[in-house]
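# here you go, sequence then predicted model.
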Amino acid sequence: MTNPHDLVVIDGQRIRTPRLLLRPWAAEDADAALTVFGDEQVARWLAPAVDRIPDVETMRDTLARWAGERVASPSGRWAVEAAASGEVVGAVALLPLPPDEVDLEIGWQLAPGAWGNGFAAEAGHAVAHYAFASGADELFAVVRPRNARGAATARRIGMEWVGETEKYYALTLQVYRLRKGDLDLRGLADLDVVQGQ
């Protein structure tokens, strides 16, 4: 069996997996990013953290704002690029959760055309490796109760459901947690997408 740790390569802010490249956003990604953040099927789960982006100019401004953010390591935002095609298929972020900004959240978003390929779980798993290699001890994902796709992705990453809270974003959310020692014990390590090398 392939060791999932060997399938994630971290090179500064760039993270590689067997099928993906996670890299910092660039201004020229605005059109591709809009297929993610401008799509109602995606955006409905993101507010109030990120509102639906209405047009390419607003997307370009948002990418510029993200590029200018000063966030402490290991926080960041990455474009998710399919390695085979070079196409940007989504986004993944590792950011402090409001209001206290102590807990680190993994968030993932994919363009609907990329759904069903395991890209979100693969990207989330890779960012978890990055976070733990940078000194984080635990990570969280928060999912709206009716977002079955988001909950399933959290479980595939290997995250464990720990309860429901209204602590973050003033919304009722399902909370999933991944501790450093649990990375690759459950979830993605069992998926064919990782073992099919």
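Arrived safely.

# show me where this structure has strands.
Remark: strands assigned in the chain by DSSP state E are 9-11, 14-16, 20-24, 76-82, 88-96, 104-110, 138-143, 160-165, 173-179.

# could you list the low-pLDDT ranges of this protein?
1-6, 185-197 (pLDDT under 70).

# thinking again about what came up before, a markdown table for the strands of the chain, including mean neighbour count and distance to Thr153?
Every C-beta, even on glycine, is put in place using the N, C-alpha and C of the backbone. What follows is these, written out as a markdown table (neighbours: other CB atoms under 10 Å; distance: least, CB to CB, whole Å):
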| stretch | mean neighbour count | distance to Thr153 |
| --- | --- | --- |
| strand 9-11 | 12 | 21 |
| strand 14-16 | 18 | 17 |
| strand 20-24 | 21 | 14 |
| strand 76-82 | 22 | 13 |
| strand 88-96 | 22 | 11 |
| strand 104-110 | 22 | 6 |
| strand 138-143 | 21 | 8 |
| strand 160-165 | 12 | 13 |
| strand 173-179 | 20 | 9 |
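
# pipe the ones you listed into TSV and attach distance to Phe37 per row.
Listed next are the strands of the chain as TSV, based on distance: least, CB to CB, whole Å:
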stretch	distance to Phe37
strand 9-11	25
strand 14-16	20
strand 20-24	16
strand 76-82	11
strand 88-96	7
strand 104-110	7
strand 138-143	18
strand 160-165	25
strand 173-179	20
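
# am I right that Pro48 is in contact with Leu173?
No - Pro48 is beyond contact range of Leu173, at 11.8 Å (criterion: CB atoms under 8 Å).
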